[in-house]
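what follows is a predicted protein model with its sequence.
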Amino acid sequence: MHERERHRIILSAVQERPILTVQDIVELTDASEATIRRDISALALQNRLKKVRGGAEALHPPQIGVLAARSFRADETVNSAQKRAIAREAVKLCHDGEAITINGGTTTFPMVHFLAQMRLQVMTNSFPIAEHLIKHSKCTVMLPAGAVYREQNIILSPFDSDGTGHFYARRFFMGARGVSPLGIMESDSLIIQSEQRLMRQADELVVLVDSSKFKTRSSLILCPLERVSTIITDEGIDEHDRRMVEAAGIELIIASTDRKEDIQQSPTVA
């Protein structure tokens with residue numbers, strides 16, 4: 001690849017995320033680390049980006065389209081075995097011919113591997129989920145309208161007219177930033193707006209969270225616990241949190257990670 005083309009790719013990519021690592025750029029350009037480090041130094045001398053330890057960042061990072069939520073890539077490998085086990089249990093609630101909604105996230109994403117042989121109508125705001133189901137399942141896939149948030153790999157809109165009002169689901173499967181006696185917690189108001197619209201369009205709300213989320217707190221409440229029909233988590237949940245869920249009248253499903261396939265890291269979308 002010519003130097004000019006590499007520079008164009010680097011300057012484009014650095015606008016999409018807070019920090020672009022050398023390895024990120026290597027993957028984008030197929031160039032060596034040494035070449036990429038020289039490119040970053042050259043662009044920094046031209047005052048076209050800022051050179052930082054291990055990578056580069058934009059001189060003026062864009063503020064529009066930034067969410068408080070962590071990126072899909074940052075969360076993808078955290079508690080991956082537990083997430084895969086949780087996803088397997090979630091799919092056991094699905095039946096051929098049903099309409100379901102799956103919200104974007106790294107806990108809901110592994111559901112796609114267990115949906116491969118099913119025929120469902122699926123509404124999702126997740127690019128990785130939609131892409132995988134289109135390529136590797138017989139499901140009908142629908143996407144809402146809105147802006148693309150590349151770091152989180154989701155589509156969100158602040159407006160009610162995003163198309164989700166025309167889809168009604170048997171169940172809405174979603175992850176969460178935290179679970180507390182106050183309710184289900186999220187980290188960004190735009191995500192909450194989107195999820196509340198989807199909640200209105202579903203009979204049941206099924207929350208997929210690994211056990212660490214019972215110790216995580218956020219400043220924003222998505223909904224009270226009583227709105228949730230089912231919580232699926234892993235064996236790490238403690239007795240106090242079990243009692244909290246049961247006291248709210250929520251069905252609690254504990255996913256086991258004993259199975260061999262859950263020990264392995266879940267595959268990612270190419």
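Arrived safely, thanks for sending. Residues are numbered from 1 along each chain as shown.

check the secondary structure at residue 258 for me.
coil (DSSP: H, G, I helix; E, B strand; the rest coil).

can you get me a residue count around it?
For residue 258, the neighbour count with other Cβ atoms under 10 Å is 9. For the C-beta atoms, the positions are set from N, CA and C on the backbone; glycine is no exception.

where does the stretch 51-200 of the chain dip in pLDDT?
61-71, 73-74 (pLDDT under 70).

that one: strands as residue ranges?
For the stretch 51-200 of the chain, the strands defined by DSSP state E, counting those that start in this stretch cover 55-57, 99-102, 121-124, 140-142, 147-149, 154-156, 169-174, 178-180, 183-186.

which other helices and strands does the first one contact?
Based on contacts counted as 3 or more Cβ pairs under 8 Å, 6 or more residues apart in numbering; DSSP states H and E, the elements that strand 55-57 packs against are strand 20-21, helix 22-29, helix 33-45.

single out the most deeply packed of those.
Of all those, strand 20-21 has the most neighbours on average by mean count of other Cβ atoms under 10 Å, namely a mean of 20.

now do that one, average pLDDT.
Strand 20-21 carries an average pLDDT of 86.

one step back: okay if I get the helices and strands packed on strand 55-57 as a markdown table plus distance to residue 254?
A markdown table is the format used below for the helices and strands packed on strand 55-57 (distance: least, Cβ to Cβ, whole Å):
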| stretch | distance to residue 254 |
| --- | --- |
| strand 20-21 | 37 |
| helix 22-29 | 37 |
| helix 33-45 | 44 |
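
which among these is found nearest to residue 2?
helix 22-29 (10.4 Å; Cβ to Cβ).

quick one: buried residues of stretch 40-60?
40, 42, 43, 49, 50, 55, 56, 57, 58 (16 or more other Cβ atoms under 10 Å).
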